[in-house]
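Participant: coords please:
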Amino acid sequence: MTRARHWHTAADGRVQCDLCPRYCRLRPGQRGFCFVRQNIGGALELTTYGRSSGFANDPVEKKPLYHFLPGSRVFSFGTAGCNLGCRFCQNWQISTARDMDLLMARASPEQIDQAAVAAGCEAVAYTYNDPIIFTEYAVDAAVAARGRGLKNIAVSAGYVTPAGAADLFGAMDAANIDLKSFDPVFYRRITGGRLEVVQETLRHLVHQTSVWTEVTTLVIPGLNDSEAEIDQLSGWIASELGPDVPLHLSAFHPAARMLDRPRTPLATLRRARRQARANGLRHVYLGNVQDAEGSTTFCPDCGAVLVVRDGYRVRRQGLTATGRCPDCGADIPGRWSNI
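Facilitator: Next up, the predicted model:
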């Protein structure tokens, strides 16, 4: 474990965590909602520092990031716990873990980056559970990674305070943020969080940092898949973040405490993609399904096929080295080379 950042001693003597908007106040021995930040001896400690729930050598497309070093490999790792309580969590075994024995692998930030280089990866991804709750570990690993010429990627739900966001994302080169719904009631009842917090995180990333940012929404039948909500969500991204921010619409499958919903029909995802594009978004992708058009990057100006994907594999990449369409010369926003 290591001493956490972003906390203070409250007037009542308890330790208050200031990393996420829950602002957990903890008596000695108590853990926060995330389970991994604990009051030990009157100070806040990160109990999962240096311990991982697993590692993997992944394609960057699996994060998912489609406009960031396409076709490259990333070294993925996470810890345990989460600061949201999503009933549909697709990684619930890790995010809801309350047994520290799950964290069998011990690795210092330097060891993680050594393993990433040895595996031939171009980046390290902080994923599986939300890196917000292991910010200190992720930032230290990111600093070491940059020293080795590696990029850093955060896969996060964006439920973080402004100070925490500046700390974590200040060490990142790219991020995929889950925008789980555009309904405040959904956020409160289904995730235990607040929509406006995630919106502010996205605004911060897109407008105040150089972090390449993409957005993912898991489309759940009967909960956040209505035409009205897709219109609101995609319209907000286009107007508040910009039309070039890629949106990934991913298929839901029953998991965790949401086993009563069916898988998302492909027809629903295709309809949502059409809506998002009609609302001005230039790059809308479909995830967790096989759909050639929904996984291809097209030039928004002339329609040329630029990047063809088969699942998580890049089959063909037609962009120029500087990220331009070879047919019309249009600039395609993204990070297309590791420079």
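
Participant: now the strands for the stretch 51-200 of the chain?
Facilitator: 51-52, 54-59, 73-78, 105-106, 123-126, 151-156, 174-178 (DSSP state E, counting those that start in this stretch).

Participant: those: lowest mean pLDDT?
Facilitator: Lowest mean pLDDT within the strands of the stretch 51-200 of the chain: strand 105-106, at a mean of 70.

Participant: for stretch 284-303, buried residues please.
Facilitator: Applying a neighbour-count criterion of 16 or more other CB atoms under 10 Å, the buried positions in stretch 284-303 are 284-289, 291, 294-300. No exception for glycine: its C-beta is placed from N, CA and C like everyone else's.

Participant: closest to Ala330 among the residues you listed?
Facilitator: When the buried residues of stretch 284-303 are compared for distance to Ala330, the smallest value, 5.5 Å, is given by Cys299; criterion: CB to CB.

Participant: rewinding a little: deepest of the strands of the stretch 51-200 of the chain, which one?
Facilitator: Between the strands of the stretch 51-200 of the chain, the one whose residues have the most neighbours on average, counting mean count of other CB atoms under 10 Å, is strand 123-126 (a mean of 28).

Participant: quick one: that one to chain centroid distance?
Facilitator: Relative to its chain's centre, strand 123-126 lies at 11 Å (CA atoms, centre = their mean, to the nearest Å).

Participant: re the thing from before, switch the strands of the stretch 51-200 of the chain over to a markdown table; also include distance to Ser337.
Facilitator: Below are these laid out as a markdown table (distance: least, CB to CB, whole Å):
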| stretch | distance to Ser337 |
| --- | --- |
| strand 51-52 | 29 |
| strand 54-59 | 17 |
| strand 73-78 | 15 |
| strand 105-106 | 32 |
| strand 123-126 | 13 |
| strand 151-156 | 11 |
| strand 174-178 | 13 |
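
Participant: if we can go back for a sec, farthest pair in the buried residues of stretch 284-303?
Facilitator: Across the buried residues of stretch 284-303, the longest distance by CB to CB is 25.4 Å; it joins Asn288 and Cys299.

Participant: and the strands of the stretch 51-200 of the chain: which comes nearest Gly280?
Facilitator: Comparing the strands of the stretch 51-200 of the chain by their distance to Gly280 (CB to CB), the top pick is strand 174-178, with 19.1 Å.

Participant: from Phe186, how far off is Ser226?
Facilitator: 11 Å (CB to CB, to the nearest Å).

Participant: contacting residues for Thr9?
Facilitator: Contacts were defined as CB atoms under 8 Å, 6 or more residues apart in numbering; by that measure Thr9 touches Val15, Gln16, Gly42.

Participant: correction: the previous question concerned Gly329.
Facilitator: For Gly329, no residue meets the contact criterion (CB under 8 Å, 6+ apart).

Participant: tell me which element Leu205 falls in.
Facilitator: helix 195-208 (DSSP states H and E).

Participant: distance from that helix to the middle of the chain?
Facilitator: Taking CA atoms, centre = their mean, one finds helix 195-208 lying 13 Å from the centre of the chain it belongs to.

Participant: same check on stretch 179-195?
Facilitator: Its chain's C-alpha centre lies 16 Å from the corresponding centre of stretch 179-195 when counted by CA atoms, centre = their mean.

Participant: ok, now stretch 113-122?
Facilitator: That offset, for stretch 113-122, works out to 21 Å (CA atoms, centre = their mean).
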